[in-house]
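# model this:
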Amino acid sequence: MFSLDPNTISALYHEQGYVVLRKVFDAEELSAITKVLDIFHQQWLVKNEEFFKRKAINSAYITDRNLLDTHARTLLFQLIGSERIAKLLRAVFPGAVAFMNTQLFFNPHNPEQKNYWHRDIQYSGMPIAEQIKALAASNVIHVRLPLMPEPGLELIPQSHSRWDTDLEFSVRMAQEGRAVHDALPGAERIALGAGDLLLFSANMLHRGLYGGQRMAFDMLFCDPLPSLVQYVNPDCLPSAEQMQAVRCPGVFEQTQKVLRTL
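Numbers count the residues shown, from 1 in each chain. Sure, this is the predicted structure:
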């Protein structure tokens, strides 16, 4: 199923914060997924034309019941809850896993637009001290499926388990005369082909690389904690009938379980 066994995937992820798996999905599988995501993307571009032209590089909440029809949503739920994804998540999460969100990444309208270093946690609204604590206490993971060949991401290995150096912090926060797109030492560029999977911690320092035919579908998963699941849009979850069509529905069940406590 994967080019690496689960123990190797687990060891690599916990050591460096990311794992690359090559050619996990074949052309036929990608074709069906791409058709659905292209429908979503074209509708999104019409509704968000100004935002796209100004700065957008991704969209989210792709499985929202108000944005795609039942058949298209079911296909995406079957992907998210597939055996391949479930085995990958079991290899890296310490326990139960909850579905969090989906995103579609694309090139900016302006080819001169700069990318930016960040940790996803910096957009949570938490003070820095709490972000530092959360880094060690909770897991949010992206599973990226490129639909086309793309430059991929630039990552700082092992930054998922430590806080920024002074230089890293000043760059991603644009302080001390530095810019968010400045180069950082120790960064690794991960180019991706269609059908590859890149699993990486949302807590780590990373930035997207624009160019090529960039069109990547990200599935986000997290520990089943109220502090994380609170960000889930219930309209993005499958119905009871759709759950029956999913091979490994546990990630959705965990999300629904936590949402009932909020």
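# C-alpha only now, for contacts and for neighbours.
Noted.
# just how off-centre is the host helix or strand of Leu76 within its chain?
If you go by DSSP states H and E, Leu76 is part of helix 70-80. When C-alpha coordinates are averaged (C-alpha atoms, centre = their mean, to the nearest Å), helix 70-80 and its chain have centres 17 Å apart.
# mean confidence for stretch 13-27?
Taken as a whole, stretch 13-27 carries a mean pLDDT of 96.
# Next, the angle from the next helix or strand after the helix holding Leu76 to helix 70-80.
As assigned by DSSP H and E, the chain's next helix or strand after helix 70-80 is helix 83-92. Calculated by axes from the mean of the first three to the mean of the last three C-alpha atoms, to 10 degrees, helix 83-92 forms an angle of 40 degrees with helix 70-80.
# who does the helix or strand just after helix 83-92 touch, helix- and strand-wise?
Next helix or strand after helix 83-92 toward the C-terminus (DSSP H and E): strand 98-106. Here strand 98-106 touches strand 58-60, strand 215-222, helix 226-229, helix 250-259, going by 3 or more C-alpha pairs under 8 Å, 6 or more residues apart in numbering; DSSP states H and E.
# Which other helices and strands does the helix holding Leu76 contact?
Judged by 3+ C-alpha pairs under 8 Å, 6+ apart, the packing partners of helix 70-80 are helix 27-47.
# Stretch 75-92: which residues count as buried?
75-81, 83, 86, 88-89, 91-92 (16 or more other C-alpha atoms under 10 Å).
# meant to ask about stretch 222-237
Residues 222-225, 228-229, 232, 236-237 are the ones in stretch 222-237 that count as buried (16+ other C-alpha under 10 Å).
# Show residues contacting it.
Where contact means C-alpha atoms under 8 Å, 6 or more residues apart in numbering, the residues beyond stretch 222-237 that reach it are 61-66, 93, 95-101, 138-141, 252, 254-255, 258-259, 261-262.
# And the strands in the stretch 51-200 of the chain?
Per DSSP state E, counting those that start in this stretch, the stretch 51-200 of the chain carries strands over the ranges 58-60, 98-106, 140-146, 150-155, 188-192, 197-201.
# how about TSV for those, with mean neighbour count, distance to Arg172 and mean pLDDT added?
Formatted as TSV, the strands of the stretch 51-200 of the chain follow (neighbours: other C-alpha atoms under 10 Å; distance: least, C-alpha to C-alpha, whole Å; pLDDT from 0 to 100):
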stretch	mean neighbour count	distance to Arg172	mean pLDDT
strand 58-60	16	19	98
strand 98-106	23	20	98
strand 140-146	24	19	98
strand 150-155	20	13	97
strand 188-192	17	16	98
strand 197-201	24	17	98
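# For the ones you listed, give me JSON lines that also has distance to Arg162.
Below are these laid out as JSON lines (distance: least, C-alpha to C-alpha, whole Å):
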{"stretch": "strand 58-60", "distance to Arg162": "27"}
{"stretch": "strand 98-106", "distance to Arg162": "23"}
{"stretch": "strand 140-146", "distance to Arg162": "15"}
{"stretch": "strand 150-155", "distance to Arg162": "14"}
{"stretch": "strand 188-192", "distance to Arg162": "17"}
{"stretch": "strand 197-201", "distance to Arg162": "12"}
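# Out of those strands, which gets nearest to Val46?
Closest to Val46 of the strands of the stretch 51-200 of the chain, according to C-alpha to C-alpha: strand 58-60, at 12.5 Å.
# list the helices and strands that closest one packs on?
The elements that strand 58-60 packs onto, with contact taken as 3+ C-alpha pairs under 8 Å, 6+ apart, are strand 98-106.
# Show me the contact partners of the strand it packs on.
Strand 98-106 is contacted from outside by 57-63, 210, 213-224, 228-229, 231-233, 236, 250-255, using C-alpha under 8 Å, 6+ apart.
# 6 Å - rerun?
57-62, 214-224, 232, 251-252, 254-255 (C-alpha atoms under 6 Å, 6 or more residues apart in numbering).
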